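Asker: coordinates only, sequence not included:
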């Protein structure tokens, strides 16, 4: 079974060296590959014989192959059998751990997003935080896979994290590992506005959305003025779930297309007839941690003129990874970038992201804060090592201070972006803007 996986990067290790020879198109290149394989075998043999201590050959091989894969792009990786089983459990929406999506940023483990209502989220860990030590031991310089393995452990055991955050002193956080039952979709009604939050795209997301739509319609007693679809800090997930979520809001037509290496490797995915909200106005909330599947949904609803996109520019991950089991999964699986995806209008958002129709900041920002963000250097997919380029030439808008941001007396903890989204719906601005854009 192959899964189309489009989540934000969580890198694994190892693959099959022999695969290098498969792509050699002619005899000269094949000979070059064989020479490189001979060189690799020579180096490995020398290390085994002469290194100062005995090495773990399996780990050495995995590290070598991981180097090959990460040189391709940030999202291709190998999963050993245990990691593959963990991935399968995670896509089903229930697993043990801390509830945190991480990536590697210049040798440091960086938080992509905490998952709602998990130990990480309850402890106040935020997107953009850096994890520097676990149980008092530094993890700087470790591979991402090794760092993730240190965070795993039996349910009920404790873990002590050291967290670095921009414009703050490093701080310590104690968490207890637990079974993470990821409730992908939550909802409630605020007077006449339905609020639907999608935190991840796992196997339960589309069915959860269907239930949420029914709930907000019922709870509004027939007076639903509009719906806010909150995709902020959603790192992505399964492609088919992104398509089904988009389908719920669209009355037929294209949702997304994917294009692979060869001209014939083009697939188009269409919505079925029937908009479950029957034209009720929709606002989609996104931010810089909305990635991949979140961007497919936002891009589809924006291009099809079905929703107003509000917030800040999304992450910009425009590639699709296919999970390919090896030897039926007994040897793990390869997570390989196999295609780019495009919004219905043909946009590639790779490295560029989805720009909101109405830019609204969540927190008040001044020039000093903006300068600090620029110095950090990693703010989107385009900043990741070996990121794919945007073949259409689209570029991410430069960091700047949004015109619409909380006033100076705004209360900490209040959700400014959500308040603005609800105001746009109540004022009729969403319908007005969508009509103007259609005209």
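Answerer: Yep, it's here. Source: prediction; values computed, not measured.
Asker: Point out where this protein drops to low pLDDT.
Answerer: Residue ranges of the chain with pLDDT under 70: 1-27, 93-95, 106, 143, 145, 376-379, 439.
Asker: Output the contacting helices and strands for the longest helix belonging to it.
Answerer: Longest helix in the chain, counting residues (DSSP state H): helix 27-50. Here helix 27-50 is seen to pack against helix 57-70 when contacts are counted using 3 or more CB pairs under 8 Å, 6 or more residues apart in numbering; DSSP states H and E. Heads up, the C-betas are built off the backbone N, CA and C, glycines and all.
Asker: Partner strands of the helix or strand that the helix it packs on is followed by and their direction?
Answerer: For helix 57-70, the following helix or strand on the C-terminal side (DSSP states H and E) is strand 77-79. When pairing is defined by DSSP bridges, strand 77-79 lines up against strand 333-342 (antiparallel).
Asker: chain center to the partner strand: distance?
Answerer: Offset of strand 333-342 from its chain centre (CA atoms, centre = their mean, to the nearest Å): 14 Å.
Asker: neighbours around residue 136, how many?
Answerer: Look at residue 136: counted by other CB atoms under 10 Å, it has 8 neighbours.
Asker: Apart from its chain neighbours, what residue comes closest to it?
Answerer: Residue nearest to residue 136 in three dimensions, not counting chain neighbours: residue 160, with 6.6 Å by CB to CB, 6 or more residues apart in numbering.
Asker: Now do the buried residues in the helix or strand containing that neighbour.
Answerer: Using DSSP H and E, residue 160 sits in strand 158-164. Within strand 158-164, the residues that count as buried by 16 or more other CB atoms under 10 Å are 159, 161, 162, 163.
Asker: out of those, who's nearest residue 345?
Answerer: Nearest to residue 345 among the buried residues of strand 158-164: residue 163, at 40.1 Å, using CB to CB.
Asker: Would you agree residue 370 is in contact with residue 398?
Answerer: No. Look at residue 370 against residue 398 with CB atoms under 8 Å: they stay out of range, at 10.2 Å.
Asker: So for these two, which residue has more residues nearby?
Answerer: residue 370 (13 against 6).
Asker: For the closest residue to residue 236 other than its chain neighbours, grab the count of nearby residues.
Answerer: Take residue 236 and drop its neighbours on the chain: the residue closest to it by CB to CB, 6+ apart is residue 292, 2.9 Å away. Residues within reach of residue 292, counting by other CB under 10 Å, total 32.
Asker: isn't residue 292 right next to residue 235, touching?
Answerer: Yes. If you go by CB under 8 Å, residue 292 and residue 235 touch, sitting 6.8 Å apart.
Asker: Turn the buried residues of strand 158-164 into TSV, columns for distance to residue 212.
Answerer: Below are these laid out as TSV (distance: CB to CB, whole Å):
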residue	distance to residue 212
159	32
161	32
162	37
163	32
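Asker: what's the closest of those residues to residue 138?
Answerer: Nearest to residue 138 among the buried residues of strand 158-164: residue 162, at 8.3 Å, using CB to CB.
Asker: Could you give the backbone dihedrals for the residue nearest to that closest one when sequence neighbours are not counted?
Answerer: Leaving out its chain neighbours, the residue that sits closest to residue 162 by CB to CB, 6+ apart is residue 133, at 3.8 Å. Phi and psi for residue 133, reported as degrees, to the nearest 10, are phi -150, psi 150.
Asker: wait, residue 133 sits on residue 159?
Answerer: No. Here residue 133 lies out of contact with residue 159, judged by CB under 8 Å, at a distance of 10.9 Å.
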